[in-house]
Each structure stands twice: as structure tokens, then as C-alpha cells.
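Trainee: okay, sequence plus prediction incoming.
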Amino acid sequence: MQKTSNKQASNSEIQPLINLLNNGHLAQAETLALNLINSYPNTFILHHVLAIASDGLGKPEQAIISYRNALRLQPNTPDLHFNLGIVLTNTGELDAAAASYRKAIGLNPKFFEAYGNLGTLLQKQGKLEEAVANYRKAISIQPDAGGYFNLATALRDQGRLEDAITSYEKAIQLYPKYADAYNNLGETLRDQGNMDLAVKYYQKTLGLNPQHANANYNMAEFLYLAKGFNEAIPYFERSQLDDWQARSLYCLYKAERFAEFKIKRDMLMQAGKHIAPFIGTLSTHYSINFNEPDPYNFCKNPLDFVYQQAIPQLAEPNSTLLKSLLHDINNANIAERKQGMLHDGKQSAGNLFKRPEASFRALAELVKLEFIHYKNKFSDSNLGANCELIQSFPSELEFTSSWYVKMRQGGHLSSHIHEIGWISGAVYLAMPINKQTINEGAFEYGNHGDDYPIIAPHTQNDFPVSIVMPNVGDIVLFPSSLFHRTLSYTANEERICIAFDLKPALSGGIKSSY
């Protein structure tokens, strides 16, 4: 049996390798490191250099092997564990990455960067309480602007808006030119309903960086909500962010620039699959308006794709889960999010299904099962055969957003769509019983809403509506392209539901940021 050589590479052999790495010649460094490792397999620095070069060359699998080989030789090196954690995070091996960060922290308890990276990883996994704890630990060691910024994002995800604002303000105090912090502070103030101050922070962001994608998008969104459709379009075009093309198309339509709308819609249709629900909404409405066939194939007949089903764990008598959900909604420390379409009611901020309460986590898993039932139901029917809603259904089930809505007597929600969704829905936890009319508190859906322009008199059949009357414990799922609203009710009772959106990323996965 051949013994492994313990002979070490000499400084004269190592120094050219270090020079190649330092000068950015990564491919040459990789080749030389591999050659030297054949002769000196137990020389630590060779594996370390190879790991750095491989990572820089976009070869994460090789980098992971090399970092682990280096750690085999020097296991008590916190920087190596930290760097391995970064590569593992980038390859989606989140549990292994977390273990690497924790090893780095165990070896160096003052390693604030490791606490920060671990916090980011935990936040990505939806473990917000742990993320916040790690961010706070990092700040206690090194109170820098980036640490406060990261903490603020997690606090906002938790719905702790005041705490998030405080943390963003501390980030700005430490770094007054922190454009991202100004923008995110504006977004959080928007969540609170303070639009005037939010806009000032968007403008401050753009003063620091006129091309800031999020700030341009946020300014555009503010303008179009204020019906400044023509003014909003240049901001959307500068943002090039997310659904900016659909939003620009919306502005053209609402401004009644129909000829430009049709040209841009047809251009977007040629660019790829018809997988933008927002464009589906606009295209369907335009086609009804102008009595033309609808060429956009996201979901041409969305009224046929509404799904209602009882969730047994909620609908059963004396449901423990139902009681837990109502208790947590009424008692958990969750901030409110202001929005103009909700009347006589409250909506939670943050992403409810990312919170630590067991009831919300349990409901999220039940809703995921219903998404699967939804897909299977329509995949097995003729309806889904030529419909991108079903054919391009997300392969991974995560929530873009989730929130509760509590209404009281007179409560209602104006007609709208969920522009950033794919499938939207709600689970009903409390419904008014004492009604003066049968449809009070019902869920109504159709092809028209949001004051979309109607160019000529139409019959009711041109823009039909349908109604679902949910029972406690029911789930209702529907295409996000569908207009919907809640009808007002007169009973002196609460109407409580948890609503949510599912949305695939461009790659077919799910975008999980809120």
C-alpha cells in the first residue's frame, strides 16, 4: 500500500502560486495548485488557494472539496469555515452552511461577520427569531451600518415595523449615503401608511443613486397609485425590476393609450411564455373592451379556475388549530399594514407564514397541500391543457406574502388583483352569521375592477361576476389575474381570514422575498 506523502511544498514553489492568485490569474493559479497538490497533498496552503481560485472561477463544487481538504489539515481555522459557509450558501446547502458558520463562531466568538451571514441564512429559511438574534449579536460586537440594515429587514419580515424603522435609521446614521437603507426605510413607512414621508426617502435614494432600481420602482408605484400614470412610466422603465413591463403596460391602459398598449402587449407576447398574471388581466380586459380574441394564454377564462374546499383540520367541531390561529392573530405582536382598498378592517404587516407561531406554520403546510390538489384538479381537466397557469405551475411551494385581514361591521375590500401573485387565496377563520342579505361578507370575483377603462356600453355578460360564500374552515384559491373583492356586511361580528400569494421565480422556482 502506498503511503500518503507528508512532504510539504517549499516557499519557492508556493510563492508563484500566491502571486497568480493575488494578480487575479485564477485559471493559472488553479492549474498550478492542482499540479502541486499531486506532489504535496498535505500542504494546507495549496488546498486553500485552490478553493479560492475555484470559487472565483464559478466552480463551487470544487471549492467545497478544496475547503474541506484544507480543513482536514487545519480544522481550527475559523476563516476557512466561514468561507466554506459562503460557498455552501450559494449552492443552496443551507443546513451545512449554517453548521460551517457556527463552527467559525465556536472557534472565534467575536467573528461578527459569521453571525451576520448566519442571520442572513436563517432569514432566508424563514427562521426570523434566530436571524434577529444573530444580527443583534453581530451588532453588539461590531455596530456597523450593514448589520443594522440586515436586522431591519428581518424585523420588517416579522411585522415589527417601528423596530425596523429604528434599525434603518441607525444604519443611515452610521452611513449617511446608504441608498438601500433610505429606500427600505421608505418602504417600511409606506407599510405604515405614511406615504408622504415614504416618497421623501425614495427621492433621497434617487438623489444618491438616480439608477437605483427599487427606488425607481417604488416612485413609479406611488405615482400610478396616485393616478399619475404617464409620470410613472419613465420610473418603471428605469427600474427594469420584477414586473416593470407589466406595470408600464398597466399605466398605458389606465391612461387610455390603447394603441401603444396593444403594440407593447404584442411585443411582450413574442418574448416567451405567457406567464405574467398581471398582463393576463390587462389582455383579457382589453379583448373584452374591443371585442377581440384574447391572445395572451396565462389564463383566458380565470372564472373557471376558482377552487373552494374545506380544510378538515379547521372545519371540524372545536378545531384546536382554528382556536390557536384566532388566539395568535389577536395576541401576537404583529404590526398593521395600511392599504387604501380595505374599509373598516385591519391587515397585518410582514409575512405571516414566516413568523415563529406554530399555528401559522401549521396552516402554511395545509395550504401547500391544497395548492397540490388545485394543480391536480385542473391538470386532469381539459381546462388546464392550454393554460400556462397550470402548465407552468410552480414546482416549489413557498409564499411570496401572507397576511391576515380582520373586518368589523361594514367591512369590505374594493375590487383588485394581486399583481405579484400566481395563485392567490384565503383561508376563512371567522364569518358573520347574522345577515340581512344572503351575500353579505361574500367573496366576489370577475374580469373587471380597479376602475379599468370601459370604452363603450357593455352588457353584464361581457364582464361577468360570480360569488363564493365561504364557510369557516374553507380555503378559496384563484388565479392572481382575477379581480376580486369582499362584499360589505351589516352584522356586528368579525370576519377574519388569512390571505396569501404564491409566485414562481423566472427559473420556475419561487421568489420568497416579501
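Mentor: Okay, I see it. Numbers count the residues shown, from 1 in each chain.
Trainee: now the closest residue to residue 132 other than its chain neighbours: which helix or strand?
Mentor: Spatial nearest neighbour of residue 132, chain neighbours left out: residue 154 (5.0 Å); criterion: Cβ to Cβ, 6 or more residues apart in numbering. C-beta coordinates here come from the backbone N, C-alpha and C atoms, glycine included. For residue 154, the host element (DSSP states H and E) is helix 145-157.
Trainee: the helix or strand following that helix: which residues count as buried?
Mentor: Next along the chain after helix 145-157, taking DSSP H and E as the criterion, comes helix 161-174. Using 16 or more other Cβ atoms under 10 Å as the test for burial, helix 161-174 gives 161, 163-165, 167-168, 170-172, 174.
Trainee: then stretch 380-395?
Mentor: Buried residues in stretch 380-395, counted by 16+ other Cβ under 10 Å: 383-384, 387-390, 393-394.
Trainee: mind checking which of those residues are in helices?
Mentor: Using DSSP state H, the subset of those located in helices is 388-390.
Trainee: how close does the closest residue to residue 283 other than its chain neighbours sit to residue 84?
Mentor: Excluding its sequence neighbours, the residue lying closest to residue 283 (Cβ to Cβ, 6+ apart) is residue 296, at 3.6 Å. According to Cβ to Cβ, to the nearest Å, residue 296 and residue 84 sit 46 Å apart.
Trainee: what do you get for residue 59?
Mentor: Residue 59 is 14 Å from residue 84, where distance means Cβ to Cβ.
Trainee: could I get the buried residues of helix 161-174 as CSV with distance to residue 222?
Mentor: Formatted as CSV, the buried residues of helix 161-174 follow (distance: Cβ to Cβ, whole Å):
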residue, distance to residue 222
161, 18
163, 24
164, 19
165, 18
167, 23
168, 18
170, 25
171, 22
172, 20
174, 27
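Trainee: for residue 405, state which of those is nearest.
Mentor: The shortest approach to residue 405 among the buried residues of helix 161-174 belongs to residue 161, at 17.2 Å (Cβ to Cβ).
Trainee: how many other residues sit next to the nearest residue to that closest one once chain neighbours are set aside?
Mentor: Using Cβ to Cβ, 6+ apart and skipping the chain neighbours, the partner closest in space to residue 161 is residue 335 (4.2 Å). By other Cβ atoms under 10 Å, the residues close to residue 335 number 19.
Trainee: ok, residue 335 - contacts?
Mentor: 159-162, 191-192, 348-350 (Cβ atoms under 8 Å, 6 or more residues apart in numbering).
Trainee: quick check: the farthest pair among these?
Mentor: The widest separation within those (Cβ to Cβ) is 14.4 Å, between 162 and 348.
Trainee: show me what contacts residue 116?
Mentor: Residue 116 makes contact with 134-135, 138, 146-147, 150 under the criterion Cβ under 8 Å, 6+ apart.
Trainee: rerun at 7 Å
Mentor: For residue 116, the contacting residues are 135, 138, 147, 150, by Cβ atoms under 7 Å, 6 or more residues apart in numbering.
Trainee: correct me, but the first one touches residue 152?
Mentor: No. Taking Cβ atoms under 7 Å as the definition, residue 135 is not a contact partner of residue 152, at 8.9 Å.
Trainee: neighbours around residue 267, how many?
Mentor: Using other Cβ under 10 Å: residue 267 sits among 11 other residues.
Trainee: and if you look at residue 454?
Mentor: Counted with other Cβ under 10 Å, residue 454 comes out at 13.
Trainee: go on, residue 241?
Mentor: For residue 241, using other Cβ under 10 Å, the count is 16.
Trainee: now the one 4 residues further on
Mentor: Burial of residue 245 is recorded as 19 neighbouring residues (other Cβ under 10 Å).
Trainee: next one: residue 225
Mentor: By the criterion of other Cβ under 10 Å, residue 225 has 12 neighbours.
Trainee: same check, this time on residue 320
Mentor: Neighbours of residue 320 under the rule other Cβ under 10 Å: 12.
Trainee: for this protein, what's the longest helix?
Mentor: Of all the segments of type helix in the chain, defined by DSSP H, the longest one is helix 358-379.
Trainee: give the buried residues for it.
Mentor: 359-360, 363-364, 367, 370-371, 374-375, 377-378.
Trainee: tell me the buried residues in stretch 491-499?
Mentor: Buried, per 16+ other Cβ under 10 Å, within stretch 491-499: 491, 493-499.
Trainee: how about the residues you listed in CSV, adding pLDDT, distance to residue 413 and secondary structure?
Mentor: Shown next, in CSV, are the buried residues of stretch 491-499 (pLDDT from 0 to 100; distance: Cβ to Cβ, whole Å; DSSP: H, G, I helix; E, B strand; the rest coil):
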residue, pLDDT, distance to residue 413, secondary structure
491, 94, 16, coil
493, 95, 16, coil
494, 95, 14, coil
495, 97, 10, strand
496, 97, 13, strand
497, 97, 10, strand
498, 97, 14, strand
499, 96, 10, strand
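Trainee: with distance to residue 142 as extra columns, can I get the residues you listed in TSV?
Mentor: Shown next, in TSV, are those (distance: Cβ to Cβ, whole Å):
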residue	distance to residue 142
491	55
493	52
494	46
495	48
496	43
497	43
498	39
499	40
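Trainee: which one of the residues you listed is nearest residue 208?
Mentor: Taking Cβ to Cβ as the measure, residue 208 lies nearest residue 499 of the buried residues of stretch 491-499, at 35.3 Å.
Trainee: look up how far residue 167 lies from that closest one.
Mentor: 27 Å.
Trainee: need the longest strand for the protein.
Mentor: strand 399-416 (DSSP state E).
Trainee: CA atoms of whatever helix or strand residue 222 lives in as PDB?
Mentor: Assigned by DSSP H and E, residue 222 falls within helix 213-225. Extracted C-alpha coordinates of helix 213-225, given in PDB (Å, rounded to 0.1, in the frame of the first residue of the first chain):
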ATOM      1  CA  ALA A 213     -33.800  50.000  -9.300                       C
ATOM      2  CA  ASN A 214     -36.000  49.600  -6.200                       C
ATOM      3  CA  ALA A 215     -36.400  53.400  -5.600                       C
ATOM      4  CA  ASN A 216     -37.400  54.000  -9.200                       C
ATOM      5  CA  TYR A 217     -39.900  51.200  -8.900                       C
ATOM      6  CA  ASN A 218     -41.300  52.500  -5.700                       C
ATOM      7  CA  MET A 219     -41.600  56.000  -7.100                       C
ATOM      8  CA  ALA A 220     -43.400  54.600 -10.100                       C
ATOM      9  CA  GLU A 221     -45.800  52.600  -7.900                       C
ATOM     10  CA  PHE A 222     -46.600  55.700  -5.800                       C
ATOM     11  CA  LEU A 223     -47.300  57.700  -8.900                       C
ATOM     12  CA  TYR A 224     -49.600  55.100 -10.500                       C
ATOM     13  CA  LEU A 225     -51.500  54.600  -7.300                       C
END
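Trainee: show me what whichever helix or strand comes after it is packed up against.
Mentor: The helix or strand immediately downstream of helix 213-225 is helix 229-239, counting by DSSP H and E. On a contact count with 3 or more Cβ pairs under 7 Å, 6 or more residues apart in numbering; DSSP states H and E, helix 229-239 meets helix 213-225, helix 244-254.
Trainee: and helix 229-239 with helix 213-225, angle?
Mentor: With axes from the mean of the first three to the mean of the last three Cα atoms, to 10 degrees defining the directions, helix 229-239 sits at 170 degrees from helix 213-225.
Trainee: name the residues of helix 229-239 that are buried.
Mentor: For helix 229-239, by 16+ other Cβ under 10 Å, it's 229, 231-233, 235-236, 238-239.
Trainee: that helix vs helix 244-254, what angle?
Mentor: Using the same axes, to 10 degrees, the inter-axis angle of helix 229-239 relative to helix 244-254 is 170 degrees.
Trainee: what average pLDDT does helix 229-239 get?
Mentor: On average, the pLDDT along helix 229-239 is 97.
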